[in-house]
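> below: sequence and its predicted model.
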Amino acid sequence: MIAEEEARTKVLEKIQMRASRRVSLSHALNCFAAEDYFSSLPLPNFDNSAMDGYAVMASACGVAKRLRVIGEQPAGLDRQLRVSPGEAIRIFTGAPMPAGADAVVMQEDVTRDGSEIVLNANVDPGDFVRRRGCDLTEGQKIVAKGELIRPATIALLASQGFAEVTVGGEVDAAIISTGDELAGLGTELQPGQIYESNSVLLQALLQRCGASVKSVQHCRDDADSLRKTLEQTIKYSVLVINGGVSVGEHDLVQSTLGSLGAKIDIWRVAIKPGKPFLFGRIRECAVFGLPGNPVSAFITFLQFVRPAILMMMGATNLDLPKVPAKLIVDLQNEGDRPHYVRGKCENGNFSPIGRQESHALFGLSQSNALLRLAVGEARTRGDVVDIQLFD
């Protein structure tokens with residue numbers, strides 16, 4: 001049994017990044033940039049109005065001042081208009097500023113009187129004007145290599161005219177669940193059976209990471225069946241096997257993998273829940289063996305499988321988001337392994353939810369965060385702790 005950090009390091013050392021690919025901007029969401037991107041245009045690209053109103057020279061304005069409206073500039077092509085003292089140009093949000101104008105008076109702050117306006121407020125230079133480059137300058141880095149491309153990132157890239165981007169490679173994955181006690185969804189349970197829910201959980205977790213799940217199969221506790229299924233699924237870049245990785249007579253995963261020539265790098269990790277975790281490789285396939293209990297499978301996926309998949313896709317940030325939260329109960333880890341407590345982070349507070357055993361799926365379903373307690377660590381109500389958010 002090895003330490004959690006050592007296990008994570010070993011996994012990531014063996015992971016190979018997938019080849020990058022060129023995709024249209026519309027298909028780049030939730031991918032990771034494979035190179036740095038820089039702006040070629042400032043934002044905004046020209047001085048423009050932040051409001052519907054009137055473009056004016058601030059030095060010629062004042063309360064009760066009358067200005068003659070000499071034209072109109074809508075958003076769109078620059079009409080090359082010019083303002084002189086005593087004049088105003090009707091302007092709309094996003095429209096280019098006319099020459100000579102250095103401020104915009106909101107339409108709510110004037111009274112229209114035929115071809116003139118009467119100012120009802122003072123005007124200062126720069127009022128409601130978006131200056132060229134005030135948001136983004138030319139040559140500024142806008143996306144870093146390894147950064148997640150979010151909806152706002154796509155909009156930023158589009159503002160620079162990028163139609164395509166280079167992103168990290170795709171990760172295809174397969175799931176194998178094992179166990180005679182498992183029944184398929186929609187079937188009738190027999191005495192001693194439970195519905196097979198872990199593969200559904202793992203498929204959702206893989207998809208949330210951005211992996212493409214190509215195969216989901218179930219194997220009974222039979223070495224021949226498991227071997228055949230393994231032979232069908234090691235063609236994918238990631239294989240997640242759920243159950244059968246412990247030391248019981250019906251736990252056949254490790255021996256069957258060995259018979260196929262797998263190199264087992266990790267077996268058993270000092271983590272609670274989730275000790276019977278396995279990681280190995282068969283040719284180009286990274287194989288993860290997760291415990292059969294749902295919470296154990298969930299925790300080991302987040303701590304070991306998730307960062308590996310993100311690395312394959314070219315991500316630089318492999319960690320779950322961490323935030324500080326105030327603990328509302330006393331907690332202590334009296335065990336011999338670091339313990340991940342499941343709970344809810346809400347309004348800056350963290351509280352454990354439900355039973356903390358490895359089978360307790362309902363409590364997990366009500367949780368959105370994890371608190372890691374080291375061996376012997378005690379925390380008191382009111383302590384500020386760092387928690388990992390998974391929802």
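Sure, I can see it.

> quick one, helices of the stretch 101-250 of the chain?
151-159, 198-209, 223-233 (DSSP state H, counting those that start in this stretch).

> pick the most deeply packed of the ones you listed.
helix 198-209 (a mean of 19; mean count of other Cβ atoms under 10 Å). From N, CA and C alone the C-beta is placed, and that goes for glycine too.

> who are the packing partners of it?
strand 172-178, strand 212-219, strand 238-242, helix 294-300, helix 306-312 (3 or more Cβ pairs under 8 Å, 6 or more residues apart in numbering; DSSP states H and E).

> S39: which of the ones you listed is closest?
Across the helices and strands packed on helix 198-209, S39 has its closest neighbour in helix 306-312 (26.4 Å, Cβ to Cβ).

> what ranges in the stretch 51-200 of the chain fall below the confidence cut-off?
For the stretch 51-200 of the chain, applying pLDDT under 70 flags no range at all.

> quick check: most distant residue from the centroid of the protein.
Distance from the C-alpha centroid of the chain, by Cα atoms, centre = their mean, peaks at G114 (54.8 Å).

> what about it, distance to G71?
Distance of G114 to G71, given as Cβ to Cβ, to the nearest Å: 15 Å.

> can you give me the first-to-last residue distance of stretch 333-348?
In stretch 333-348, first residue to last residue: 22 Å (Cα to Cα, to the nearest Å).

> related to what we said a few turns ago, in JSON lines, list the helices and strands packed on helix 198-209 along with distance to F92 and mean neighbour count.
Shown next, in JSON lines, are these (distance: least, Cβ to Cβ, whole Å; neighbours: other Cβ atoms under 10 Å):
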{"stretch": "strand 172-178", "distance to F92": "50", "mean neighbour count": "24"}
{"stretch": "strand 212-219", "distance to F92": "46", "mean neighbour count": "17"}
{"stretch": "strand 238-242", "distance to F92": "52", "mean neighbour count": "27"}
{"stretch": "helix 294-300", "distance to F92": "53", "mean neighbour count": "25"}
{"stretch": "helix 306-312", "distance to F92": "44", "mean neighbour count": "22"}
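
> would you turn those into a markdown table with distance to I194?
What follows is the helices and strands packed on helix 198-209, written out as a markdown table (distance: least, Cβ to Cβ, whole Å):
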| stretch | distance to I194 |
| --- | --- |
| strand 172-178 | 12 |
| strand 212-219 | 13 |
| strand 238-242 | 13 |
| helix 294-300 | 10 |
| helix 306-312 | 25 |
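
> pLDDT score for M1?
At M1, the predicted lDDT confidence score is 88.

> leaving out chain neighbours, which residue sits closest to it?
In space, and not counting its chain neighbours, M1 is closest to R268: 4.3 Å by Cβ to Cβ, 6 or more residues apart in numbering.

> show me what contacts the one you found?
By Cβ atoms under 8 Å, 6 or more residues apart in numbering, the contact set of R268 is M1, I2, K275, P276, F277.

> contacts only, for A64.
Neighbour list for A64: V118, L119, N120 [criterion: Cβ under 8 Å, 6+ apart].

> just the buried ones out of the residues you listed, please.
Neighbour-count burial (16 or more other Cβ atoms under 10 Å) is assigned, among the contacts of A64, to L119.

> returning to that earlier point: confidence score at the residue nearest to M1?
In this model, R268 carries a pLDDT of 94.

> now do it against K141, distance only.
43 Å.

> what does A163 give?
20 Å.

> cool, P151 as well?
Counting by Cβ to Cβ - P151 and K141 are separated by 19 Å.

> then H339?
41 Å.

> can you check A33 too?
A33 is 11 Å from K141, by Cβ to Cβ.

> those two: who's more crowded?
Neighbours per residue (other Cβ atoms under 10 Å) separate A33 from K141, with A33 holding more: 25 against 11.

> how does this protein divide up, domain by domain?
Taking automatic domain parsing as the reference, the chain has its domains at 2-17+169-312, 21-43+134-167, 48-130, 322-389.

> so who does L119 touch?
C61, G62, V63, A64, K65, R66, L67, V105, D109, V110.

> ok, N45 next?
Contacts for N45 (Cβ under 8 Å, 6+ apart) come out as R132.

> tell me the pLDDT at it?
At N45, pLDDT is 95.

> now do the end-to-end distance for stretch 321-337.
Taking Cα to Cα as the criterion, the two ends of stretch 321-337 lie 23 Å apart.
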